[in-house]
Every structure is written in structure tokens, then in C-alpha cells.
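Visitor: Let's see this in three dimensions:
(one chain, ligands or ions: 2)
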Amino acid sequence: MKNPYDFDVLYLGSGHGAFDGAGPLAASGKKVAVVEGEMIGGTCPNYGCNAKITLDTPVVLQRFAERMQGVVSGNIKINWSALVAHKQAVIKPLPDAIGAGLTQNGVTIIHGYGKFQDAHTIVVDEKTYTADKIVIATGQHPHRIDVPGTELAHDSRVFMDLDVLPKRIGILGSGYISMEFATIANAAGAEVHVLMHHDRALREFHQPFVEDVMADMTKRGIQFTPNAGVTALEKTADGIVIHYGDKEKLVVDWVLDATGRIPNVEQLGLENVGVKFNQHGILVDDYLRTNVANIYASGDVLDKQQPKLTPTATFESYYLYKLLSGQTTAPIDYPAIPSTVYTSPRIAKVGVAPESVKDDVYKVVHNHIPDDWYHQTDQETVGDSLLVFDQEHHLVGATEYSAQAEDAINTLLPAIVYHLSRDQMWQMAHIFPAEGAAAWHKIR
Ligand SMILES: Cc1cc2nc3c(=O)[nH]c(=O)nc-3n(C[C@H](O)[C@H](O)[C@H](O)COP(=O)(O)OP(=O)(O)OC[C@H]3O[C@@H](n4cnc5c(N)ncnc54)[C@H](O)[C@@H]3O)c2cc1C
Ligand SMILES: NC(=O)c1ccc[n+]([C@@H]2O[C@H](COP(=O)([O-])OP(=O)(O)OC[C@H]3O[C@@H](n4cnc5c(N)ncnc54)[C@H](O)[C@@H]3O)[C@@H](O)[C@H]2O)c1
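Guide: Residues are numbered from 1 along each chain as shown. Ligands and ions are numbered 1, 2, ... in the order given. Down below sits the predicted model:
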């Protein structure tokens, strides 16, 4: 029977929650549209992962040169305006490249904000588009602290476009964005103050590793204030005054609000169709289907257990491609989702956390990274990993803090996802010498 709608599948949003699946879905013969209100590709390429890692790259170089002093000489100084210009040059082509990838696969791109009129109809700038199935992949937006003067603070997107690095920066919150941007701003020469909501940072990460990273950041001049309880922001002739705690004050030139992100569920017309959501996002079943049968959701906008990260959004998007193209009827089966905080050194983790381990079920193996021969070459002095094995020596979790923790954890993923035995681990021959080989060597 002919589809009575304009499209088989229409996506609201064009981030990883949409585009990783929309392209293959169109290539499989489905008529697909993507509606995007801002930049094609969404947060990750334009003002998230890719933009941030470009700003971080000279920090890594700076740390590397610092470790190798004596063998090489001279410190690396970051030229902030040149770095931001470099970031713009690296990021600028991405929306066009992602858009071209979509259109080459046959996806129709519609620019503008979409809103539900009914369960099969989306309105964009007064034009209507109908679809058999609709996927809500609208992501999140920054939370703004609810205190007088909140408008004086900025979000991470504004930070990444600053032509001139402010001298004194106050950062509210101590999650991913706070810790990463504090690292970058400090390395580039700013005075950085982190006002923590509680007494711990990065609460989902192994706290002894977080404390080591914070000690290093403190040594480099970043000032942490635990339980700050920010009460107001005020503009004065000296700068912006952050009022916190019991009548305490801090004067800075610029404030980054890094107090979390909120799902984009407002202004979608969800009330017109009755899609259910809460403050964590849209509610879906194990097929990423909302309570309205033809409406699905994917990516950061979901209420879910998995971390709201690009690998999760990509996995969901690809799952929906398989489901909506009829290649699977199975529920989504998430792998262990890895995550990293791009401080320097980084903290990365995947799978079973060492702190959750009961002795009789799992075995935790500790490695001090500088003890590895490979890390004598780069004069590494810090870093630890904890590897969690079951009784049959299957790797079930790993967490590491080190200069290259993200690569070490990525390398270990097949062992966890495919539940490899020791014999199967030996079936893989790694390029040597390399970080990945060093990480793999520790689990065999
Ligand atoms: C500063 C920062 C750094 C990050 N770094 C990392 C990292 O290093 N690694 C990592 O894994 N994750 C990182 N993330 C998280 C990552 O960016 C997100 O998990 C990922 O982008 C989620 O993809 P998504 O498609 O669900 O949402 P998004 O990428 O946010 O895409 C949603 C899109 O929907 C559009 N939209 C919203 N409403 C509508 C509407 N009504 N109509 C049409 N379009 C609409 C938005 O404009 C947006 O483009 C970072 C996030 C931030 C903010
Ligand atoms: N490397 C990465 O993968 C990466 C990097 C950046 C962002 N992200 C994604 O973006 C999301 C948002 O990052 P984020 O750092 O804004 O959020 P977050 O949830 O990681 O951290 C928010 C911080 O703000 C604090 N906070 C909350 N309410 C507050 C209040 N009223 N006053 C003061 N502090 C308050 C929290 O205690 C926490 O420290 C992350 O959760 C993650 O999903 C990922």
C-alpha cells in the first residue's frame, strides 16, 4: 500500500541522535526528512565534542612538553585568539559535510523549528509536513542557575567563541563542562575559580581518581570552592561579583554557568499529541517508542539510565535505523557505554565500576600507568587504572586516569562487549609499541 504521508520517517533535530541513522535509513529506500532549527549536526560537532577537543589539543601538547623537559626545552604558550580561530576553521565545514552526507543518501533537509500539529504532522514556519513515523531527537539546552543576575553568566557555547580570554573566570558547577573548560582556560593563562554545588566533582566517576585530577588542577592554580551555594551575580565596576555561601564574594571578569543540561521538550507541541515526558526527558519503551505508537525518540532528549553522550545517541540512532527499516524487531540492547572527562590527565571509564565490586563476584586489578615500560618513553609520572574481571577472567569494567585514558578504554571495549576469554584476547595482535597495545597487554 502506498504511504499516504510526505515521508516514511521524519526526524526532529539533526544531531547524532538523528543523522547516524537517518542517512542509512534513506539509503535503505525509506523516504526520510530531517528538520533542524539551528546547525546541521547538532551539539557535538558544532558546540560540543569536536569544538571542545580542538580547544583542548594544545593543552595536551603543553602537558607533553612539560613532561619531556630536559629532553626538550621551552614551554608551550597558548595563543588564545589563534586557537579560537583554529577551532572555527576546523568546525565550520562540519554542518555542510554532514548535510551533504544526508542529502547524498536521499534525506530531505528542512531548516526551521518543528512542532507537532498532530501525531503525523509537523509544522515548520507555517508549512506542514506529514510522516508515517516521527523521531524526536531534539537534544538538550544549558540549564541556567536560578539566582538574581543569572543573565550575567554564559554557557559553554559562548566560551568557545571568545576572541579574548577573560583574565578571571568563575565557573558554576563541577561536572563535565566545568572540569574540561577549567582545564583549558587555566592552561591558556586565565585565573580560574570553580564554585562547586556540593563537596565532590564528577560524581559518576571513581572518586580517588577525581581527587587526583583535582589535586593536579589545584597545583596548576585552579581554585575549587566546595559547597559554594551561589546566591547572586552582580555587575560592578570591578567586574562580576559572585555572591555565595554566607555573604562571601568573588570578583571575576566572566562567568561560565556549567550547572547541567535540560531536555528540549518544550515548544514541540507535545501537548498536541500527548507524548509523555518528565524533567529528565521523553519516556520511551525498549524500542525507543513513546506512548504514542508512531512517535519515537532518540539521543539526549530521552529519559534513560545510559549517559547522555554521543556514543549513546549514535547507538540509539543506528538502532532506530535497523528497527524502522525492518531489519530487527528486537528491543534495544545497549552495550556498556564508555565515557571520558577531557581534563588533562583524563578520566575514562566503562562497565562495572570498581567501587561497586563485591570481592566474591569480581576481581579488581590495579595498575600504576608510569610502571609500564611504554610510559618511560614520555616520562609519565601519574596515572592509574582499575580493571574489573569476573571469576573466569572476562573483563567487565575498566576505569583509568592518565594522559591517554580515552584511548586505553576504547581499546578495551571489544573485550567487554564480546565477553572475550583470555584465549580470544590472545587472538588479537596489536601494533607495538602503542598506547592501545599497552592497555590490551594488561588484560590478557
Ligand atoms: C560543551 C559540550 C561538550 C560535549 N562533549 C562531549 C564529548 O566530548 N563526548 C561525548 O560523547 N559527548 C559530549 N557532549 C554531549 C554530546 O554533544 C551529546 O550527547 C550529543 O550531541 C547528543 O546528540 P543529540 O542528537 O541527542 O542532540 P543534539 O546534538 O543536541 O541535537 C539536537 C538538535 O535538535 C535541534 N532541535 C531542537 N529542537 C528542535 C525543533 N523543535 N525542531 C528542529 N530542530 C530542533 C537542535 O537545534 C539540535 O541541533 C558534549 C556536550 C556539550 C554541551
Ligand atoms: N566529555 C564528555 O563526554 C562531555 C563533556 C561535556 C558535556 N558532556 C555532556 O553534557 C552534559 C552537561 O554537562 P554539564 O557539565 O553542564 O553537566 P553535569 O551534569 O556533568 O554537571 C553539572 C554540575 O552542576 C552542578 N549543579 C547543578 N545544579 C546546580 C546549581 N543550582 N548551582 C550550582 N551548581 C549546580 C552539579 O552538582 C554538577 O557539578 C553532561 O552531563 C554530559 O552528558 C559530556
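Visitor: domains in this protein, as residue ranges please.
Guide: The record's domain parsing of the chain by the TED database lists 7-141+262-325, 150-259, 345-442.
Visitor: Same list, those domains, but as TSV with mean pLDDT, distance to ligand 1 and mean neighbour count please.
Guide: C-beta coordinates here come from the backbone N, C-alpha and C atoms, glycine included. Shown next, in TSV, are the domains of the chain (pLDDT from 0 to 100; distance: least, CB to the nearest ligand atom, whole Å; neighbours: other CB atoms under 10 Å):
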stretch	mean pLDDT	distance to ligand 1	mean neighbour count
domain 7-141+262-325	98	2	19
domain 150-259	98	4	18
domain 345-442	95	9	18
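Visitor: Same list (these) but as a markdown table, adding distance to P335.
Guide: Output for the domains of the chain, formatted as a markdown table (distance: least, CB to CB, whole Å):
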| stretch | distance to P335 |
| --- | --- |
| domain 7-141+262-325 | 7 |
| domain 150-259 | 18 |
| domain 345-442 | 5 |
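Visitor: Geometric centre of the chain: which residue is closest?
Guide: L309 (4.2 Å; CA atoms, centre = their mean).
Visitor: what residues are up against that residue?
Guide: L309 sits next to I337, S339 when contact means CB atoms under 8 Å, 6 or more residues apart in numbering.
Visitor: can you offset everything so residue one is 49?
Guide: Okay, residue one is now 49; in that scheme the one you just asked about reads as L357.
Visitor: if we can go back for a sec, for the domains of the chain, which one sits closest to A384?
Guide: domain 393-490 (4.1 Å; CB to CB).
Visitor: one step back: for S387, find the nearest of the domains of the chain.
Guide: domain 55-189+310-373 (5.3 Å).
Visitor: That closest one near ligand 2 anywhere?
Guide: Yes: for domain 55-189+310-373, a contact with ligand 2 is found by CB under 6 Å from any ligand atom, at P355, K356, L357.
Visitor: Which single residue of the stretch 99-248 of the chain ends up nearest ligand 2?
Guide: The nearest approach of the stretch 99-248 of the chain to ligand 2 comes at G223, 1.8 Å away (CB to the nearest ligand atom).
Visitor: so how far is G154 from that residue?
Guide: Between G223 and G154 the distance is 39 Å, computed by CB to CB, to the nearest Å.
Visitor: Next: D381.
Guide: D381 is 28 Å from G154, by CB to CB.
Visitor: try H489
Guide: For H489, the distance to G154 - CB to CB - is 45 Å.
Visitor: what do you get for G122?
Guide: G122 is 53 Å from G154, by CB to CB.
Visitor: now L435
Guide: For L435, the distance to G154 - CB to CB - is 45 Å.
Visitor: And V206, by the same measure?
Guide: From V206 across to G154, the span is 36 Å (CB to CB).
Visitor: same deal with Y59?
Guide: 14 Å.
Visitor: Which neighbours do those two have in common?
Guide: V80.
Visitor: residue ranges for the strands of the stretch 149-298 of the chain, please.
Guide: 156-159, 162-166, 169-172, 175-184, 188-190, 216-220, 239-243, 271-273, 278-284, 287-292, 296-300 (DSSP state E, counting those that start in this stretch).
Visitor: which strands and helices sit next to the third one?
Guide: Looking back up the chat, that one is strand 169-172. Judged by 3 or more CB pairs under 8 Å, 6 or more residues apart in numbering; DSSP states H and E, strand 169-172 is in contact with strand 162-166, strand 175-184.
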